[in-house]
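Undergrad: A structural model of the following input is requested.
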Amino acid sequence: MESSKFKKIDLEDFKQILKVLPVPIDIVDTDLNILYMNETLKNKVGRDAVGEKCFKVYKDDNIQCPFCPLREEFPAGEVRTIESDRAFGGKIVKIRHKAIELRGKKYILEVFEDITDAITDDLTGSYNRRKLKDDLKEELERAERYNKNLSVLMIDIDWFKKYNDFHGHQKGDKLLIRLVRTLSYNIRFTDKLYRFGGEEFVVLLPETGEKEAKEVAEKLCEKVEKKKFEGAEKSQPNNIISVSIGVASYPENGSSSADIIHAADSAMYEAKGSGKNMIKVAKK
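TA: Alright, predicted model coming up:
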């Protein structure tokens, strides 16, 4: 629907139009206050949150979205989409924002779509490889357009096969879940974690240069090493769970998704070959 069709309708009339729609929808003003929620959205959220700030309702950390389309001038009729990682009880939700004008006042219409199953790993709840492909392409385009940095961490669990063989796959799965939790708690909101395959994970670091990415990798390596994982003392060579991490950055290591992932992967294998439980930066 075009914004121009709504210009002669006031806010109360527009609420009646939205009331009968089966998809979760709200109306937000330019100060990020929720003015209206339809019944479908109230049921998803679990309450009527009219009067609250939108980011405090749809995000667990109560921090305004860094890429919020309402932070800048948003022309009436334009549509922008962002994702909220933990909206609706831990689910990942795509929020489509449409700027509308009602009787000379500007509002934002938010339409919600649950996309958790399509983009997350069934076991760990982290993003999946399909999601990484889309996000990395988008972030590389953003980095090129605005002359920004971008980094990727390739993470592999050291001696994971030994752990699995000794304890069985069920405990191995629990280890993967706990590792994802540890990694997730120690990256920024703007960073994203993906299960790349098996015991390999990727962290995408937007607007992050090589030096800062290496610091993040060192922090994650240390956090994992100090974490107590059940059974590590019985099966692992060093009596701990550790990870090897490869760091690759744009533009130093290439301009395509394939280049960046290959560089990070090669650096990670260099770390494993050099003794494990360490970080290596991709060669230029």
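Undergrad: just the helices in the stretch 51-200 of the chain please.
TA: 54-58, 87-90, 116-119, 129-146, 160-167, 169-184 (DSSP state H, counting those that start in this stretch).
Undergrad: and residue 109, which of these is closest to it?
TA: helix 54-58 (11.9 Å; Cβ to Cβ). For the C-beta atoms, the positions are set from N, CA and C on the backbone; glycine is no exception.
Undergrad: Give me the buried stretch members for that closest one, please.
TA: Within helix 54-58, the residues that qualify as buried by neighbour count (16 or more other Cβ atoms under 10 Å) are 54-55, 57-58.
Undergrad: for the helices of the stretch 51-200 of the chain, which one ends up most surrounded?
TA: Each of the helices of the stretch 51-200 of the chain was scored by mean neighbour count; the highest is helix 54-58, a mean of 20, by mean count of other Cβ atoms under 10 Å.
Undergrad: Run through the bridge partners of the residue positioned nearest the centre of the chain.
TA: Taking Cα atoms, centre = their mean, the centroid of the chain lies closest to residue 192, which sits 4.0 Å from it. Taking DSSP bridges as the rule, residue 192 bridges to residue 204.
Undergrad: give the contact list for it.
TA: Residue 192 sits next to 127, 131, 135, 203-204 when contact means Cβ atoms under 8 Å, 6 or more residues apart in numbering.
Undergrad: Now for residue 210, how many residues are close by?
TA: 18 (other Cβ atoms under 10 Å).
Undergrad: Pull the contacting residues for the closest residue in space to residue 207 that isn't next to it in sequence.
TA: Leaving aside its sequence neighbours, residue 207 sits nearest to residue 148 (Cβ to Cβ, 6 or more residues apart in numbering; 5.0 Å). By Cβ under 8 Å, 6+ apart, the contact list for residue 148 reads 142, 206-207.
Undergrad: returning to what we had before: wait, which of the helices of the stretch 51-200 of the chain is closest to residue 229?
TA: So among those, helix 169-184 is nearest, using Cβ to Cβ, at 5.9 Å.
Undergrad: Report the distance from the closest one to the chain centre.
TA: Centroid displacement of helix 169-184 relative to its chain, using Cα atoms, centre = their mean, to the nearest Å, is 18 Å.
Undergrad: packing partners for that helix?
TA: strand 150-157, helix 160-167, strand 192-197, strand 200-206, helix 210-226 (3 or more Cβ pairs under 8 Å, 6 or more residues apart in numbering; DSSP states H and E).
Undergrad: and among the ones you listed, the most buried is which?
TA: Of these, strand 150-157 is the most buried (mean count of other Cβ under 10 Å), at a mean of 26.
Undergrad: Determine the angle, from 0 to 180 degrees, between that strand and helix 129-146.
TA: 150 degrees (axes from the mean of the first three to the mean of the last three Cα atoms, to 10 degrees).
Undergrad: Ramachandran coordinates for the residue nearest to residue 207?
TA: phi -110, psi 160 (degrees, to the nearest 10).
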